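*Asks:* Sequence and predicted structure, then a few things I'm wondering about:
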Amino acid sequence: MKSNKTLINLLNSVLPVLLALLIGAILILAIGENPFEAYGIMFGKSLFTLRGLTNTLHAAGPLLLTGAAIAITFRAGLFNMGVEGQLLIGGFMAGLVGAYLHISNPFLHKAVAFAVGAAAGVLFALIPALLRAYFRVDEMVVTLTLNYVMMTILEYLSSGPFRDQGAGYVTTPTIDQSAMFTRFGSTRLTPFFILALLVFGILWYLNAKTEFGYKIEAIGKNPEFSEATGLRVRRSIIMLILVSGAISGFAGAGHMMSQEYKYTLSFSGVTGLGWDGMLVSLLGSHSPLGIVISSIFYSALKTGADNINMYTSIPKEIVAVIQGIIILFLSIRFLNERFGLLEKLSKKKGEKNGPAL
Amino acid sequence: MSTILETKDLTKKFGDFTANDKINLTVEEGEIKAIVGENGAGKSTLMNMLYRQIPPTSGEIFLRGKPIEFQSPRDAIQHGIGMVHQHFMLVPSFKVYENILLGTEIPDAKLRFLVDSKKEQQECAELVKKYGFDLDVNEVVENLSVGQQQKIEILKMLYRNVDILILDEPTSVLTPQEVDELLLQLKELKAQGKTIILITHKLREVMEVSDSVTVIKKGQIIGNVKTSETNEAELAQMMVGRKVLLTVQNDHSVQESPETIYTVRDLTTNNTYGNVVVDHVSFEIRKGEIYGIAGVEGNGQSELVKLLSGMMEATGGTVHYKGEDITNLWANELRSIGIAIIPEDRYAQGLCKEMTLSANSIAGSTRSDAFKKNGVYDSKKIREHCQKLIDRYEIRIADFDGTVSQLSGGNAQKLIIAREMRSQPDFLIASQPTRGVDIGAIEFIHQQILDFRNRGGAVLLISSELSEVMSLSDRIGVMYKGKILGEVDPLETSETQIGLLMAGAVPQEVV
Amino acid sequence: MDLLSRILYDMVYHTTPILLCVLGGLFAYKAGVLNIALEGMMLAGSFIAVFVALQTQNTFLIYLSALLVCAVIGLIFAYLAVNKKGNVIIIGLAINMLVPAIASFILQFMGVPNLTAKWVNPVNFRFDIPLIKDIPYLGPILSGHPLGTYIGLIMIFVASVVLYKTRFGIYTRVIGESPNAATSLGIQANKYATWAILIGALCSAVAGLNLSFERLGIFTNGMTAGRGFIAIAAIYCGKGKPVQSALYALIFGLARSLAINLSVFAGSISALFDIIPYLLMIAILAVNSAYEIRNFRMRTYW
């Protein structure tokens, strides 16, 4: 019974992906390319070579964190859509610390950058958190709009006051060597990936073993019950949105110090790491293990897309299209416990095996 | 008389659960048929099938001897079957006439796509007059009392010319006076040739108004009797399957200590619209005493409980517990000083349906060290705790690792009581403790409350079941429009006297 | 034109796409379906309009195709949200992500940064209204706008009548406010919810058309820039009542008009003026909400 349920959950995540890949394939066909070849390159180069696999893991680091940031609030019934903006400000601030604060100790420099990045995420998240908790303003609408505000502000800052005058495009100065994570060997992997895993692990533990997790579950499933049994919903909502902001800011800082090294207008990539986090969280049905798997899967899709650009004429925006379709299909449950296709299948199987047993 | 409605082997299954099992019901034309049974016996399911709110799994329905197959409630109405639901199906922001005509709007004579609201108002006013209801058709529904809203529901069906009117637990939200008025109206409708099916678990009303009674238990019909040939005790026995005590054994003899433990002074608050809903409420409760609050629902009891349980903020007044000011404390703070709370709505505030039994069993004491090892949760300890509660309170469960949604109303309530009593409180706030609970569990819960009182605990009991308040309480405050209108001794007061207070009649003398 | 009447004209001009989204979106709001996909639908309208304008100069075809595509998106939204009971917020976000993704996929494939229909001269799409244009002061503000603006203004009246005086409007409000009442009387909630969503989609299409085709003849990705969310905020603030919600849309239009007209005097910092409408929107939401809960004594914050 229980394994049946897990299987259904699994299928509910896998089917949207397959369908999205199918629609993506039709799109690739439509522009006169071979989808098998495209997907072959995509996943072959991102999962089945050492170089590809490490690239994929490297890119999965921030996704793991933004996925967790989304999952924490989603599970509590809050829609913190500001993860993207919080990540941007976190990354930007870490970039400033990295470039303008010359701390020679690499540990300290990174620690300060992380702290400032996370703090920036928290401060930015404070606006929707307080508005939500004290004025009952819909946090989703607020965070969605604040993303635009943040993008505009950062665009102004990076093209005006903090622009690297020497560069031919809009960017902040490159961060100091002491703020850069060093890569493992010839791979792109840096200690930041380990750090991301560690932070993720701590969150997982807190979620499973302390009142933190109980609060998230209870508030998400029944806020009135939570208040009535003394969980202090208002405080908890503020706390959760701020934690989410801190993780996002931290992820941005890590992305800055392990990958980008400077803030450009495409800091967060084609689809946006915050939005990627939403897909990762949804695809992993907000569960810790699910988020780990889906962040690696999605990271593979993204790194694969970079290769697609190199070897075929398919625009790498195909990933964004596939991402959108996956999320669209994830909004509904293809199968449910009672009337599942699966039950019909297992029933048939049962009939076959029935008499023999 | 001829048979107007008949069912043959009507069955409804929800998954593996059989809610109605081969029901063969016969209703005569022009009679008032009462259908009685405990909560969860399947009365509402049966009616919802007749009204085609839900499709039957198997079986047939005959109307005037002809088999019918409705596709929707609309079909049922067109064939003359109407239903007044227990929870009203009204649109609060709409006016009375708009609600009555909902779904059968009158189009404008010239511009057919527009609605002719003038004509609508006229027709509704005529309808109200014809049946002698006292209603302003231009009033907005959310401003009306529950009793008036019920009238709209009935009018809605009468406008559609139904012959058979099904009423699902119509009296549970009414004052005794309003109940009498409704019963009179039903007799009036019967005189005009309507057939009425009355679903209820209140036997007094059955005896007073019905012609015949069908008793349902566990999804099956276990008896059809003429009202004139039976009595309340017999019906009760049929419903439960054993002899029941219709009143609890309360000797009221326990010595009350003079020590006041809980004092409420001039407590006041307002609702979202800024209207005062709890208005300078004052009372005190002594150790070893049950203080009951009676009143028709919607007179501020619900808000009072929320104020006292930390769910709502007071705008004025104080609450003292054991000499300490506890006004506006939060729920977690109230629990930590020994106040237990059985909330009004068990699935909204008491339990979380989608969480496991054990997670629910630690609600309210999630920080307690009893459930931790090395500072973090120890699932073994939590499970043991939950098992203990289940054993001690004989909570019937199907799956220990499942969610609370598996529990019946009575067992869910027991889980709440078990959890709240665990911390050995001195004061208990019990709001609607037996609502929607079967008779067996009612007895158990009442006994728990009395035992708690007998051990020296103080209880605040809020219930809209007058008989419950009367039989358990040592003193009763009657609430009307946010005020406590009077305080009475249940042993020296009749139900009629309290009923008058509940309807807002100022008492001659306050006991 | 002097500065003041320029600001007021621009106010009406910049209100148009938001107004259209508001008036279309409030039907879904009243039906109890939160349609945050207005943003994506509007972008789809913008894209398709210019995309088709590259192939043909037939204005009718351009309008028709934008409406059709948005209707299809609306139907997808409705199918997933209403028939399959999916999470509307996720569906909305997915559409908001999918539309720009497909647009940039096509742009990349065509190898262009944006779409420009060179034949489109915005001046040709501005119409003067015979009588109104001669009214002193008001004339130059209300007249000389593209078709979309007039559709928006007329829609205020149409939406009010439809919502309160027709069966469709009444049932739409019923299924949003008390779905049980609707089903108990046999009102098909799904049907009305679907139509309500569809109206929003069609109005977004007109809004998108206005934004890209009527105004500029150019499509750039992301050109809707959150106007759909501002529209949702306006609907929230106006509680879905057509006139009130339209007034909020006008306030945002004014903020944008001020930001643009005054930026001339502000130098480089004027780049930040763009955020004024957004911040204003959040402030209005907060004030609105604070006012609404001023009497709220319940300790429930969800």
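*Replies:* In hand now; what should we look at?
*Asks:* Now B:Asp325. Its backbone dihedrals?
*Replies:* phi -80, psi 120 (degrees, to the nearest 10).
*Asks:* can I assume it is in contact with B:Thr318?
*Replies:* Yes: counting by C-beta atoms under 8 Å, B:Thr318 is a contact partner of B:Asp325 at 6.1 Å. For the C-beta atoms, the positions are set from N, CA and C on the backbone; glycine is no exception.
*Asks:* Please say which of those two ends up with more neighbours.
*Replies:* More crowded of B:Asp325 and B:Thr318, by other C-beta atoms under 10 Å in any protein chain shown: B:Thr318, with 15 against 11.
*Asks:* Regarding the more buried one, which helix or strand does it belong to?
*Replies:* strand B:316-321 (DSSP states H and E).
*Asks:* Around chain C, which positions in the stretch 51-200 of chain A sit nearby?
*Replies:* Residues of the stretch 51-200 of chain A lying close to chain C by C-beta under 8 Å from any C-beta of the partner chain are A:77, A:79, A:81, A:127, A:131-133, A:135-138, A:140-142, A:144-146, A:148-149, A:152-153, A:155-156, A:159-160.
*Asks:* among those, which are in helices?
*Replies:* Among these, DSSP state H puts A:127, A:131-133, A:135, A:140-142, A:144-146, A:148-149, A:152-153, A:155-156, A:159 in helices.
*Asks:* which helices and strands does the helix of greatest length in chain C pack with?
*Replies:* Ranked by number of residues, the top helix in chain C under DSSP H is helix C:3-30. Applying 3 or more C-beta pairs under 8 Å, 6 or more residues apart in numbering or on different chains; DSSP states H and E, we find helix C:3-30 packed against helix C:38-55, helix C:138-142, strand C:145-146, helix C:147-165, helix C:167-177, helix C:189-209, helix C:227-237, helix C:242-262.
*Asks:* Worst mean pLDDT among the ones you listed?
*Replies:* Set side by side, the helices and strands packed on helix C:3-30 give their lowest mean pLDDT on helix C:138-142, at a mean of 79.
*Asks:* Alpha carbons only: can I get that helix in CSV?
*Replies:* As requested, the backbone C-alpha atoms of helix C:138-142 are provided in CSV (Å, rounded to 0.1, in the frame of the first residue of the first chain):
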residue,chain,number,x,y,z
LEU,C,138,-10.6,66.9,-21.7
GLY,C,139,-10.5,66.4,-25.4
PRO,C,140,-6.8,66.2,-25.9
ILE,C,141,-6.5,63.8,-23.0
LEU,C,142,-9.2,61.4,-23.9
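*Asks:* who's in contact with that helix?
*Replies:* With contact meaning C-beta atoms under 8 Å, 6 or more residues apart in numbering or on different chains, helix C:138-142 is reached by C:1, C:5, C:8-9, C:12, C:129, C:132-133, C:135, C:153.
*Asks:* Point out the residues in the stretch 51-200 of chain B that sit beside chain C.
*Replies:* Checking the stretch 51-200 of chain B against chain C by C-beta under 8 Å from any C-beta, the hits are B:53, B:72-75, B:77, B:83, B:85, B:87, B:89-94, B:98-99, B:102-103, B:105, B:107, B:113-115, B:117.
*Asks:* which of those residues are buried?
*Replies:* B:53, B:72-74, B:77, B:83, B:85, B:89-91, B:94, B:98-99, B:102-103, B:105, B:114-115, B:117 (16 or more other C-beta atoms under 10 Å in any protein chain shown).
*Asks:* show me where pLDDT drops low in the stretch 1-150 of chain A?
*Replies:* Scanning the stretch 1-150 of chain A for pLDDT under 70 picks out A:1-3.
*Asks:* again, only using 80
*Replies:* For the stretch 1-150 of chain A, the stretches with pLDDT under 80 are A:1-6.
*Asks:* Including mean neighbour count, could the helices and strands packed on helix C:3-30 go into JSON lines?
*Replies:* Converted to JSON lines, the helices and strands packed on helix C:3-30 look like this (neighbours: other C-beta atoms under 10 Å in any protein chain shown):
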{"stretch": "helix C:38-55", "mean neighbour count": "27"}
{"stretch": "helix C:138-142", "mean neighbour count": "17"}
{"stretch": "strand C:145-146", "mean neighbour count": "21"}
{"stretch": "helix C:147-165", "mean neighbour count": "18"}
{"stretch": "helix C:167-177", "mean neighbour count": "22"}
{"stretch": "helix C:189-209", "mean neighbour count": "26"}
{"stretch": "helix C:227-237", "mean neighbour count": "29"}
{"stretch": "helix C:242-262", "mean neighbour count": "21"}
